[in-house]
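S.K.: Turn this into a structure:
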Amino acid sequence: TTGYDVHGLFGIFGNGDAIADKPGRRYFADYGGVKVAFLHREACAMPGVEVACEIGFCAGLSALLLLEAFPRARVLSFDLGNLPWAHAADDMLRAQYGSARFPGVVFGDAAATIPREHAQRPFACDAVFVDGDKSYAGRYASLAKLHAVSRDGAAVFMDEVTTEPCINGTYAPVQHERQCRDRNANYWPAVRAYNRAAREGWLRVQRCAWPPRHRHDGICLARFS
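M.R.: Model prediction:
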């Protein structure tokens, strides 16, 4: 039911990797390590991160990056759990890092599991990575649920960004659609969600990185307020 047929070669980690069973073909996304380097560099420069939260565990590579970039933090991952390797990756990270640092992925719809998990075991995110649901309503709900359980000023890493003005509240809704809809049709729902949060005043975009081969497929750092 998804476009994933091998683990870990999409998202921020895509580097035009070869497809094992399809000679001569490669995955379309070749970010040249730009997204990974941006997230790792910015995360490593943040002091005092005790809890990092992410939506979109998949094969566990982003969780692994957060565990290494925030060496004293607990990493909380939320994932739909619809990919066959997600549970195996969850087991491996829990075995490697221990439950104090990686208590295990909370599987299910993050819009429901985040508030439920917070009610049962309260936490406050110092940094978050937003991926997962690709719909406008789903991405906005992801942001809002994370905002509700994060500290003021928490760092927000956002994937699937077309241009900075398209997500930072520069454009009002009508102008936003005219200026941004056709930049990258796949990311238009996420871009709408980011822009709405920015215009509402609780998401402040700071800076972004753009892979040379994908000028409308970037990653940004923002802050919750």
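S.K.: So what would you say the end-to-end distance of stretch 207-215 is?
M.R.: 15 Å (CA to CA, to the nearest Å).
S.K.: Now it: average pLDDT?
M.R.: Across stretch 207-215, the average pLDDT comes to 95.
S.K.: next one: that stretch to chain centre, how far?
M.R.: Taking CA atoms, centre = their mean, to the nearest Å, one finds the center of stretch 207-215 at 16 Å from the center of the full chain.
S.K.: buried residues in that stretch?
M.R.: Buried residues in stretch 207-215, counted by 16 or more other CB atoms under 10 Å: 208, 209, 210, 211, 214. Every C-beta, even on glycine, is put in place using the N, C-alpha and C of the backbone.
S.K.: Which members of these are positioned in strands?
M.R.: 208, 209 (DSSP state E).
S.K.: I'd say residue 142 and residue 55 touch.
M.R.: Yes: counting by CB atoms under 8 Å, residue 142 does reach residue 55; the two are 5.0 Å apart.
S.K.: Now list whatever residues contact both of these two.
M.R.: Listed as contacting both residue 142 and residue 55 by CB atoms under 8 Å, 6 or more residues apart in numbering are 110, 130, 132, 133.
S.K.: As CSV, those with distance to residue 95, secondary structure and pLDDT would be great.
M.R.: Listed next are the shared contacts of residue 142 and residue 55 as CSV, based on distance: CB to CB, whole Å; DSSP: H, G, I helix; E, B strand; the rest coil; pLDDT from 0 to 100:
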residue, distance to residue 95, secondary structure, pLDDT
110, 24, helix, 94
130, 27, strand, 93
132, 24, coil, 83
133, 28, coil, 87
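S.K.: Look up phi and psi at residue 221.
M.R.: The phi/psi pair for residue 221 (degrees, to the nearest 10) reads phi -110, psi 130.
S.K.: so it bridges to which residues?
M.R.: With DSSP bridges applied, residue 221 shows beta-bridge pairing to residue 157, residue 207.
S.K.: What separation is there between it and residue 108?
M.R.: Per CB to CB, to the nearest Å, residue 221 is found 27 Å from residue 108.
S.K.: quick revisit: quick check: of the buried residues of stretch 207-215, which lies closest to residue 70?
M.R.: Using CB to CB, residue 209 comes nearest to residue 70 of the buried residues of stretch 207-215, at 19.1 Å.
S.K.: Is the closest one in contact with residue 164, as I believe?
M.R.: No: under the criterion of CB under 8 Å, residue 209 makes no contact with residue 164, lying 10.4 Å away.
S.K.: where do the contact lists of those two overlap?
M.R.: Contacts common to residue 209 and residue 164, judged by CB under 8 Å, 6+ apart, are residue 220.
S.K.: Identify all contacting residues around stretch 19-26.
M.R.: 6, 16, 17, 18, 27.
S.K.: Sort those residues by pLDDT and name the bottom one.
M.R.: Out of those, that is residue 6, at 61.
S.K.: where's residue 31 relative to residue 16, distance?
M.R.: Look at residue 31 and residue 16: by CB to CB, they are 8 Å apart.
S.K.: How about residue 139: what's its closest non-neighbour residue?
M.R.: Among residues not flanking residue 139 along the chain, residue 193 sits closest, at 3.9 Å (CB to CB, 6 or more residues apart in numbering).
S.K.: what's around that neighbour, how many residues?
M.R.: Neighbours of residue 193 under the rule other CB atoms under 10 Å: 26.
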